[in-house]
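> Got a predicted structure plus its sequence, pasted below:
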Amino acid sequence: MVSMVSSRITLVPLLLLSVVRHYADAHTWLDCIDTDRSKLYDQSASYIFGGAGGNGFCNGYGAGYPGRGDTSIGTQYTHKMLKNEVEAGAQVCQNVDPNTYSDWRKRLSVDAGQTAYFAYLPNGHIVKDKKAVGTQHGVYWTGKVGTSLTSTHDMTPDHLVNGKTSDYDDGNCGETYDYNGNPSNRAGDGKPCIGSFTIPAGTAPGIYKMVWYWTFWLNDQLAYKDQNMAKGYFGAAYSTCFEVEVKGNGGNPAPAPAPAPA
């Protein structure tokens, strides 16, 4: 009994380490979308390290999200577009099953005016190679039910849900140590970065197709924080496409009740 417990204690950190190493080289996608920020951040181990047991933990997922129990998620779910492909107008969303939102994989449901949060891992790009510091990401849509953005050429300011992009570095996420073994004073290994968007008040009820889009490059080569790491880096964009269902009356004021009969 003692040796069995001991072996389990030894295996757990080794398994966790192998999971961390497995995803250290993978690029970024959205793992979880929800209206509860603390759930995404404080309980992130449930959906990042929970394997198939974490399926269904989040209230929203990207279209075609395979779950962390799928060991090929890094290659299967990464949608990478090289900078020259972006400039040529690459397809911005992966092809997925039209019935992708079934079983545990849910589309996020929100009210108009409500804020939603999403989680993604930094994958060493903030603390280690530092190439993502200053790069931008945002959530894009058409703002109309039954339509979608299809090309990287559609990733324009007028299609941003809230009219602006954000720094990929949320100011908190990042591995425990940098490449030289120095403490990063960041959130530490396995903790996600958190982003957000707000469905505008007055949005009509319905299902909207959204694109999370990250441009992983800086236009000024000298702006990279670590010039040695950035030397020769060409650049690529990454995306996760997902759906959001807006409920209710679109944030419009409820009609005033009819006056009582005299």
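Done, it's in.
> In contact with the residue nearest to residue 32 when sequence neighbours are not counted, which residues are there?
Spatially, and ignoring its direct neighbours in sequence, residue 32 is nearest to residue 58 (3.9 Å; Cβ to Cβ, 6 or more residues apart in numbering). In this view, the C-beta of every residue, glycine as well, is placed from N, C-alpha and C. By Cβ atoms under 8 Å, 6 or more residues apart in numbering, residue 58 lies in contact with 31, 32, 33, 34, 40, 47, 106.
> same thing with residue 105?
55, 56, 61, 65, 67.
> So for the nearest residue to the second one once chain neighbours are set aside, what's the pLDDT?
Leaving aside its chain neighbours, residue 56 sits nearest to residue 104 (3.4 Å; criterion: Cβ to Cβ, 6+ apart). The confidence metric pLDDT takes the value 96 at residue 104.
> Over to residue 74?
pLDDT recorded at residue 74 is 87.
> chain center to the strand or helix carrying it: distance?
Element membership for residue 74 (DSSP states H and E) is helix 73-76. Relative to the centre of its chain, helix 73-76 is centred 14 Å away, using Cα atoms, centre = their mean, to the nearest Å.
> Quick check: buried residues in that helix?
73, 74 (16 or more other Cβ atoms under 10 Å).
> Repeat that for stretch 97-106.
The neighbour-count check on stretch 97-106 (16+ other Cβ under 10 Å) flags 100, 101, 105, 106 as buried.
> any idea how far the second one lies from residue 200?
Read it as residue 101. Per Cβ to Cβ, to the nearest Å, residue 101 is found 23 Å from residue 200.
> Residue 124 contacts residue 175, correct?
Yes - counting by Cβ atoms under 8 Å, residue 124 does reach residue 175; the two are 6.2 Å apart.
> Show me which of those two is the more surrounded one.
Set residue 124 next to residue 175 and count neighbours by other Cβ atoms under 10 Å: residue 175 wins out with 23 against 20.
> Most neighbours of all the contacts of residue 58, which one?
Within the contacts of residue 58, residue 33 tops the neighbour count with 29 neighbours, counted by other Cβ under 10 Å.
> Please report how far it lies from residue 208.
Computed as Cβ to Cβ, the residue 33 to residue 208 distance reads 13 Å.
> what about the residue nearest to residue 32, is that helix, strand or coil?
Assigned with DSSP: H, G, I helix; E, B strand; the rest coil, residue 58 falls in the coil class.
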